[in-house]
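Participant: Here is a sequence with its predicted model. Questions after.
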Amino acid sequence: MRVLGGICLLMAASVLAGCSSTSRPDRSVTTGSIPRLSKPVESMTAPELASAADSIGKSYERNPKDRNVGMTYANVLMMTGRNAQALAVMQQVAIANPADREVLAALGKAQAAAGQLEKALDTIGRAQTPDRPDWRLYSAEGAVLDQLGRSNEARTRYRMALDIKPNEPTILSNLGMSYVLGGDLRTAETYLKSASQQPGADSRVRQNLALVIGLQGRFQEAEQVARQELNPQQADANVAYLRSMMSQQNSWKQLASKDKASPDNGTN
């Protein structure tokens with residue numbers, strides 16, 4: 001049983017893919033050519049995100065070959081659910097910057113968001129270099145493999161990423177969610193708790209931890225986790241997301257039943 005719709009796999013390939021209103025943008029691409037925004041993107045409401053997309057889109061129209069503007073624009077578009085347009089933007093940026101690893105990684109992220117998983121794997125693979133491997137690309141590759149149902153391969157990639165970047169919260173979170181997709185909620189919680197305790201862990205990591213705790217029937221504890229370190233608006237959005245996931249009773253009950261029935265769900 002695979003439940004992918006609400007799972008938040010953090011594709012740490014130059015820009016981190018999110019799946020809710022609390023997702024964080026790419027912090028690695030800031031130049032003078034990108035319009036200055038009134039507030040951090042992660043704290044914006046839906047109308048504010050739409051306005052930001054319009055503002056950055058105008059900069060992109062003036063220079064569609066600018067890698068930083070294009071990558072930022074694609075990231076904001078994905079945060080507003082415009083995945084097909086984000087992919088089209090990244091395809092144009094990649095044409096202008098065919099050998100740029102960060103651009104290829106961002107293109108792979110956009111392909112995955114648009115459902116082109118096999119293409120995303122190929123693109124991320126082309127961005128990776130065996131002599132100087134990038135942990136972000138290993139983690140991104142793992143996230144795509146998990147979406148394809150290839151969990152053993154995905155976990156291998158996450159552990160390769162951890163060898164390069166120990167205790168990185170996005171990798172630990174992805175590894176934990178890989179176990180959720182496999183129905184092993186207790187092992188998932190172990191990794192997600194570790195991820196949430198690391199410096200730099202963001203709200204998506206806590207959202208995933210809250211989901212796993214809630215799936216095990218500890219909803220009050222899950223709601224407390226979902227509200228941590230967020231402003232009221234973000235906290236309400238996280239709790240609403242958590243409740244929507246918990247409302248999918250049939251799918252999640254099957255995962256929980258699989259977890260309880262597993263005599264050795266701490267191994268892989």
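Facilitator: Sure thing, it's come through. Just so it is clear, the structure is predicted and the values come from calculations on it, not from any experiment.

Participant: State the number of residues packed around residue 35.
Facilitator: 14 (other CB atoms under 10 Å). Every residue, glycine included, has its C-beta placed from N, CA and C.

Participant: show me the contacts for it.
Facilitator: By CB atoms under 8 Å, 6 or more residues apart in numbering, the residues touching residue 35 are 55-56, 58-59.

Participant: rerun that using 10 Å as the cut-off
Facilitator: For residue 35, the contact set (CB atoms under 10 Å, 6 or more residues apart in numbering) comprises 52, 54-59, 69, 72.

Participant: Neighbour-wise, which one of those leads?
Facilitator: When neighbours are taken as other CB under 10 Å, the top entry among these is residue 72 (29 neighbours).

Participant: Output the contacts of residue 35 in JSON lines; the columns should cover distance to residue 136, pLDDT and secondary structure.
Facilitator: Formatted as JSON lines, the contacts of residue 35 follow (distance: CB to CB, whole Å; pLDDT from 0 to 100; DSSP: H, G, I helix; E, B strand; the rest coil):
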{"residue": "52", "distance to residue 136": "24", "pLDDT": "88", "secondary structure": "helix"}
{"residue": "54", "distance to residue 136": "29", "pLDDT": "92", "secondary structure": "helix"}
{"residue": "55", "distance to residue 136": "27", "pLDDT": "91", "secondary structure": "helix"}
{"residue": "56", "distance to residue 136": "22", "pLDDT": "93", "secondary structure": "helix"}
{"residue": "57", "distance to residue 136": "26", "pLDDT": "94", "secondary structure": "helix"}
{"residue": "58", "distance to residue 136": "29", "pLDDT": "93", "secondary structure": "helix"}
{"residue": "59", "distance to residue 136": "25", "pLDDT": "92", "secondary structure": "helix"}
{"residue": "69", "distance to residue 136": "21", "pLDDT": "93", "secondary structure": "helix"}
{"residue": "72", "distance to residue 136": "17", "pLDDT": "90", "secondary structure": "helix"}
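
Participant: Reformat these as TSV; add distance to residue 101.
Facilitator: Formatted as TSV, those follow (distance: CB to CB, whole Å):
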residue	distance to residue 101
52	26
54	29
55	27
56	22
57	25
58	28
59	23
69	18
72	17
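
Participant: Tell me where the stretch 51-200 of the chain has helices.
Facilitator: For the stretch 51-200 of the chain, the helices defined by DSSP state H, counting those that start in this stretch occupy 67-79, 83-96, 101-113, 117-127, 135-147, 151-164, 169-181, 185-196.

Participant: So which of those helices is nearest residue 211?
Facilitator: For those, proximity to residue 211 was assessed by CB to CB; helix 169-181 is nearest, at 7.6 Å.

Participant: ok, residue 74 - how many residues close by?
Facilitator: 30.

Participant: Touching, it and residue 102? I think so.
Facilitator: No. Counting by CB atoms under 10 Å, no contact exists between residue 74 and residue 102, whose distance comes to 12.0 Å.
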